[in-house]
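Q: Fold the following and give me the result.
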Amino acid sequence: MKVFLSISICLIFFFLSLNKSIGQAVSINITGTAPDTSSILDVKSTTKGVLLPRMTTTQRTTIGTPAEGLLVYDTTTHTYWYRNNTSWINIAQPISAPPPTPPLFPLIPVRNKQENKLQGILEAQNGMIQQLIKQNLSLQNEMKILNQQMTDLINTFPEKKK
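A: Below is the predicted model of the structure:
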């Protein structure tokens, strides 16, 4: 495995040092596909990752004139670090975000589907009950009118005495 890695690294440097007419990008994969045109190094794998240089904090901070954009894994802090133009930046450090803005509208409680369905059924039943009450009152009024008419009719024709 170390031999393969060493050969791969040597090939990378070899290809990177070739003239521009031969090519500017290197692809490391088992399929033989060409590298992406926007990259200098294109590593493809579905089963393995890439290991960046690993070092202690002391080793990282004593690198002489580190290049801007240099990326390493610090084994002391167990985090990735990159170099900007003046200092080392810990990638794992949280970036301060502005406080969240309050919502424009207050939150309205949301019912679940069953509660909404039950509420709809209850409202429909309430509406039906109101209709039945109105119909019942209407029927009661009609019954009173009919009862009065019957009474009037009976009073119009007195009973025959035997």
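Q: which regions of the protein lie under the pLDDT threshold?
A: By pLDDT under 70, the low-scoring segments of the chain are 1-23, 93-98, 100-111, 157-162.
Q: Okay, strands next: where are they in it?
A: 26-28, 41-43, 54-55, 71-74, 79-83, 88-90 (DSSP state E).
Q: Off-centre distance for the longest helix along the chain?
A: Of all segments of type helix in the chain, defined using DSSP state H, the longest is helix 113-156. Offset of helix 113-156 from its chain centre (C-alpha atoms, centre = their mean, to the nearest Å): 53 Å.
Q: For the spatially closest residue to S39 that is not a sequence neighbour, give me its contacts.
A: Closest residue in space to S39, ignoring its immediate chain neighbours: A25 at 5.9 Å, by C-beta to C-beta, 6 or more residues apart in numbering. Placement of C-beta: from N, CA and C, glycine included. Going by C-beta atoms under 8 Å, 6 or more residues apart in numbering, A25 touches A34, P35, D36, T37, S39, I40, L41, D42.
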